[in-house]
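Participant: Here you go, sequence then predicted model.
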Amino acid sequence: MLSRKASLLFAAFFLLMLGLRIGYKYYRSQQKPTSQAMMESADARRQALIKAIQANQEAQRANGAVVVLADSAGATMATADTAGRTN
C-alpha cells in the first residue's frame, strides 16, 4: 500500500487536476466558437456592403441615372426611375 504522505500527495494532485479541468471547461464555455465569430464578421461585412451599394444607388438616382433591374432568368431590363422624378 501507499504511505500516508503518498496518499496525501496523490489526493492533492487529483484535486489540482480536477480543478484545472473544471476551470478549463468553464473558460471554453465562455468563449465564442470560431464559426460563430466568423459568421458575425461576415454578417457585419455584408451589412456594410449592402449600405455602400444602397448609398451608391441613391447617389446615381439623384443624378438622374437609369435603374437597371435583373429578373429571375438573369437577363437585365432597363426601367425608368420614376420614384425620384416628377413631371
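Facilitator: Thanks, I have the structure now.
Participant: Now the one helix or strand A42 maps to: average pLDDT?
Facilitator: Taking DSSP states H and E as the definition, one finds A42 inside helix 34-62. Mean per-residue pLDDT for helix 34-62: 90.
Participant: for it, packing partners?
Facilitator: The helices and strands touching helix 34-62, judged by 3 or more Cβ pairs under 8 Å, 6 or more residues apart in numbering; DSSP states H and E, are strand 67-70. In short, each C-beta sits where N, CA and C put it, glycine included.
Participant: tell me, how many neighbours does Q60 end up with?
Facilitator: Residues lying near Q60 (other Cβ atoms under 10 Å) number 15.
Participant: Look up how far Q54 lies from it.
Facilitator: Taking Cβ to Cβ, to the nearest Å as the measure, Q60 falls 11 Å from Q54.
Participant: cool, and L8?
Facilitator: 70 Å.
Participant: Ramachandran coordinates for S3?
Facilitator: Phi and psi for S3, reported as degrees, to the nearest 10, are phi -70, psi 170.
Participant: which residues touch it?
Facilitator: By Cβ atoms under 8 Å, 6 or more residues apart in numbering, the contact set of S3 is empty.
Participant: Which strand or helix spans K32?
Facilitator: With DSSP H and E as the test, K32 turns up in no helix or strand.
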